[in-house]
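# Predicted structure and sequence below. I'll ask about it afterward.
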Amino acid sequence: MTDTTHRLALVTGASRGIGRALALALAKQNYHVIATARVQSQGALEALDDDIRDLGGQATLVPFDLKNGDAIDNLSAQLYTRFGRLDALAINAAQLGPITPLTHLDVKAYESVMRTNVDATWRLLRGLNPLLEASDAGRVVLLSSGAAHKHRPFWGLYGASKAAAEHLALTYAAETAHKAIRCNVVNPGATRTAMRADAVPGEDPSTLPDPDGVADMIAGLLSAEETRTGEVLSYYDHAGITRD
């Protein structure tokens, strides 16, 4: 079954935070949203589906763990069979991991973060590339972090994973620049999300922008009209936000 009425967008980590806000923003723009999150978040995905339906939109829910590379490959095959293309991909889901000295990191924690933030990025780009090429305007956005470009104590694991994921996305942008695909990276900055609360528990969340503004920016980058590719863009710069 090929959906010719809606543009098709896949959003990872769609059960909460920026991913959830993005799924709703895309639904408002008449996208059919393919929403993924961990199996443990299935209830939150179903609540998202209800909200999308209330907007008059459509969603396909896919609960699975991004650390399962075979599941990513299977998803790619299933989407090809059902839709034959993909118009937009938002690689949003990420794992923070422990904020601790590099020398204190547990091997399992290190591998889990790298599999979620780096390996899954590569598997998604590799598996979904044929579907993006089948679109008249395939668009990709990777959510990154300022930690990828800083070297703050205790943030080495998360920062390294985001730096690696950025490198993959920007290389993909260079390799597809001659095609109808555009791929960019967005640094949302400090945002009012559960991950941010875990990372900086003493911070007042009311001082941070909510995810809706970031979601609107990403939705714009996923539109067929977007021409930029291979850029690292800051939401704070986009919104004119200054922060000490």
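Received it, and whenever you're ready, just let me know what you need.
# tell me how far the helix or strand bottoming out on mean pLDDT in the chain is from the chain's mean position?
Ranked by mean pLDDT, DSSP states H and E, the weakest helix or strand in the chain is helix 194-199, scoring a mean of 93. Here helix 194-199 shows a centroid-to-chain-centroid distance of 16 Å under the convention CA atoms, centre = their mean, to the nearest Å.
# Give me the buried positions along the very next helix or strand once past it.
For helix 194-199, the following helix or strand on the C-terminal side (DSSP states H and E) is helix 211-221. Within helix 211-221, the residues scored as buried using 16 or more other CB atoms under 10 Å are P211, G213, V214, A215, D216, M217, I218, A219, L221. C-beta here means a position set from N, CA and C on the backbone, and glycine is covered the same way.
# Now tabulate these in CSV and tack on distance to H149.
CSV is the format used below for those (distance: CB to CB, whole Å):
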residue, distance to H149
P211, 22
G213, 21
V214, 18
A215, 23
D216, 24
M217, 19
I218, 19
A219, 24
L221, 19
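# Can you give me the pLDDT of the spatially most distant residue from the centre of the chain?
Farthest-out residue of the chain from its mean C-alpha position, per CA atoms, centre = their mean: T103, at 29.0 Å. Reading off the confidence values, T103 has pLDDT 97.
# check contacts around it.
Contacts for T103 (CB atoms under 8 Å, 6 or more residues apart in numbering) come out as none.
# The residue nearest the centre of the chain and T171: what is the separation?
By CA atoms, centre = their mean, the chain has its centre lying nearest to N92, at 1.7 Å. N92 is 19 Å from T171, where distance means CB to CB, to the nearest Å.
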